[in-house]
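Participant: Let's see this in three dimensions:
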Amino acid sequence: MVVSTAILLIVGGVCATAPLFKRASNDLARLLSIIGFFVGIAIIIVAIDLALGLKFLSNIFGIGLEPNANSNYPYLKYYLPVMAVLGIVLISRPLKNLRWASLISLGVGILVAAYLRVVFPGLLNNLELGIIFLIITLILYTLLRFVEDILETIGSILAFPPIAIVVGLVSIYFGIITGVA
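Facilitator: Next up is the predicted model:
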């Protein structure tokens, strides 16, 4: 039963076309973005499960998520890349302004300093722990900021309204042919 993949593609496609609804209602567009974030997470999980052939979700829920490969639709074999792009579009829109590199590096720096204080009690004074904290935080922030910039660039390109609308409409199409196949 491929209904769940088809439903995810259709609902995700409608959420990706949220810029179309911005003129009619800002609240509706915002609601679609919020719903789209959670649908995007589900789409990414299902796409990874299907791409790697884990059958993890099929075993849990007892349903098949993969569409019929022997159908009359020749483009149906491209549903996984469409799902991956749709998931990235839906997830990147709300997270575009979140600075997660600084949050992660700050948290890891604090955890490392606290861990060293517990493991080596009395060996390191506060100044040494502060220096270790700064070094760990700066190194990790530099690495994560690079990854954040790459993901932000990809997300801003895919979240550009004309591209997001096209991805949404293509996803709706693939959802329909997945449900029919």
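Participant: pLDDT at Asn70, what is it?
Facilitator: On the pLDDT scale, Asn70 is placed at 64.
Participant: start the count at 59, not 1, going forward
Facilitator: Sure, I'll start counting at 59 from here, so that last one is Asn128.
Participant: Show the residue spans covered by the strands in the protein.
Facilitator: Applying DSSP state E to the chain gives no strands.
Participant: Now do the helices in it.
Facilitator: 61-74, 76-79, 84-110, 114-119, 137-150, 158-177, 184-216, 219-238 (DSSP state H).
Participant: As TSV, those with distance to Pro125 and mean pLDDT would be great.
Facilitator: Placement of C-beta: from N, CA and C, glycine included. What follows is the helices of the chain, written out as TSV (distance: least, Cβ to Cβ, whole Å; pLDDT from 0 to 100):
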stretch	distance to Pro125	mean pLDDT
helix 61-74	6	88
helix 76-79	26	87
helix 84-110	9	89
helix 114-119	13	71
helix 137-150	6	90
helix 158-177	34	93
helix 184-216	24	92
helix 219-238	5	90
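Participant: Which residue, neighbours along the chain excluded, lies closest to the residue nearest to the spatial centre of the chain?
Facilitator: Centroid-nearest residue in the chain, with Cα atoms, centre = their mean: Ile149, separated by 4.2 Å. Excluding its sequence neighbours, the residue lying closest to Ile149 (Cβ to Cβ, 6 or more residues apart in numbering) is Gly98, at 4.2 Å.
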